[in-house]
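Engineer: Task: produce atomic coordinates for the following.
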Amino acid sequence: MGGMEPLIHSVTTTVAQDVRGLVYATQFAPAALLEKDPPNWRWHLPLGFVTLVAAGMLLIAAGGVQRHVQEQKQGARYHRTKMHKMKIRPQPALPPV
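Structural biologist: Alright, predicted model coming up:
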């Protein structure tokens, strides 16, 4: 058990320092966090919403770039067929034979 004493001493010292730090930190008043708008902010929208919209636009652009790269790798371009554009006329039922 002699090998464990330095480890136990180290853990005890670390825990004591952490507890002292927490006690010391509670003596100060917590700093108030204020969200401020950037200067000349004329849109009057929440900054978080604007950030979310910008991130969405970047994702859409990245998807377009990825699709373009995929088309170049595969060599075939995606195109729609005319199968569903043609109207199918109903055929009269065949008489029983």
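Engineer: Can you check which helix is longest in this structure?
Structural biologist: Using DSSP state H, we find that the single longest helix of the chain is helix 47-74.
Engineer: Just the mean pLDDT for that one, thanks.
Structural biologist: Helix 47-74 shows a mean pLDDT of 87.
Engineer: If you count neighbours, what's buried in that helix?
Structural biologist: Along helix 47-74, not one residue counts as buried under the neighbour rule (16 or more other CB atoms under 10 Å). Placement of C-beta: from N, CA and C, glycine included.
Engineer: For it, which helices and strands make contact with it?
Structural biologist: With contacts taken as 3 or more CB pairs under 8 Å, 6 or more residues apart in numbering; DSSP states H and E, helix 47-74 sits against no other helix or strand.
Engineer: from the middle of its chain, how far away would it be?
Structural biologist: Here helix 47-74 is found 12 Å from its chain centre; the criterion is CA atoms, centre = their mean, to the nearest Å.
Engineer: let's number from 58 now, not from 1
Structural biologist: With the count now opening at 58, the last piece we talked about shows up as helix 104-131.
Engineer: Let's check: the centremost residue of this protein is which one?
Structural biologist: The C-alpha lying nearest the average C-alpha coordinate of the chain belongs to Ala112 (CA atoms, centre = their mean; 8.3 Å).
Engineer: tell me the SS of Asn97?
Structural biologist: Under DSSP: H, G, I helix; E, B strand; the rest coil, Asn97 falls in the coil class.
Engineer: Against Gly105, how distant is it?
Structural biologist: Counting by CB to CB, to the nearest Å, the separation of Asn97 from Gly105 is 19 Å.
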